[in-house]
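> Sequence and predicted structure, then a few things I'm wondering about:
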Amino acid sequence: MKFSSALLGLAAVAVATVSATTPVSDDAALAVRDTHESGLVNLGLRAHERKARHVQQQSSSEDLEKRNFVSKWGKLTYYAGHQLDNPACGGPTPTDNDMVVAVKENGGYGKCGDTVHIHWKGKMVSATIRDYCEGCEWGHYDATKGLFRKLDSLSMGVLDGIHFKLIEH
């Protein structure tokens, strides 16, 4: 008991000494000091709180790049042959082996020229949006056969539950 009382007394003296010799701002006048990280920091400003402030400041920055959109509940089908003719985004007609996809026009999950990373069972492919798909709903990508084959067998027909990451341009 005497030992713990002496230890607490020593700790109180140390805190008082640090508080007296280290200037603190008005906001932190009552904060206890901690030496857990390099240098002395206020207990009220732990690393995770400083990180949150840093992220908040970054997100309010005007020159911050567009954020990438990630979803876990997409769907992938494929289209081929003459269905690839005259892509809505213009340019040459893609082949069955090109890494391109079609999406719902104004569907909110990609537009012409955007890149999408599609993940399925540990595999990932990168594709460019080159066309629009009339029958597609939100999160539904219609891919070329070559792209679909990189993820699974064509006999699957539909891959439900793909993860996709949209990289807006």
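On my side now, so go ahead. Numbering: from 1, shown residues only.
> what kind of secondary structure is residue 155 in?
helix (DSSP: H, G, I helix; E, B strand; the rest coil).
> okay, now the domains of this protein?
2-59, 69-167 (automatic domain parsing).
> need the least confident one among those, by mean pLDDT.
Ranked by mean pLDDT, the domains of the chain end with domain 2-59 at the bottom, a mean of 47.
> tell me how far the ends of stretch 94-104 are from each other?
End-to-end distance for stretch 94-104, by CA to CA, to the nearest Å: 18 Å.
> So what touches it?
The contact list for stretch 94-104, computed with CB atoms under 8 Å, 6 or more residues apart in numbering, reads 79-81, 84, 87-88, 109-111, 116, 118, 125-133, 136-138, 140-147. Placement of C-beta: from N, CA and C, glycine included.
> Can you say which of the residues you listed are buried?
Neighbour counting by 16 or more other CB atoms under 10 Å classes 79, 84, 87, 109-111, 116, 118, 125, 127-133, 136, 140-147 among the contacts of stretch 94-104 as buried.
> Which members of those are positioned in helices?
145-147 (DSSP state H).
> got a markdown table for those, with distance to residue 153 too?
Converted to a markdown table, those look like this (distance: CB to CB, whole Å):
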| residue | distance to residue 153 |
| --- | --- |
| 145 | 11 |
| 146 | 13 |
| 147 | 13 |
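> isn't residue 77 right next to residue 145, touching?
No: when contacts are counted by CB atoms under 8 Å, residue 77 is not listed as touching residue 145 (10.7 Å).
> what kind of secondary structure is residue 149 in?
helix.
> mind checking how far it is from residue 107?
24 Å (CB to CB, to the nearest Å).
> and if you look at residue 92?
Distance from residue 92 to residue 107, by CB to CB: 24 Å.
> More neighbours: these two, which one.
residue 107 (15 against 8; other CB atoms under 10 Å).
> I'm done for today, thanks for sticking with me.
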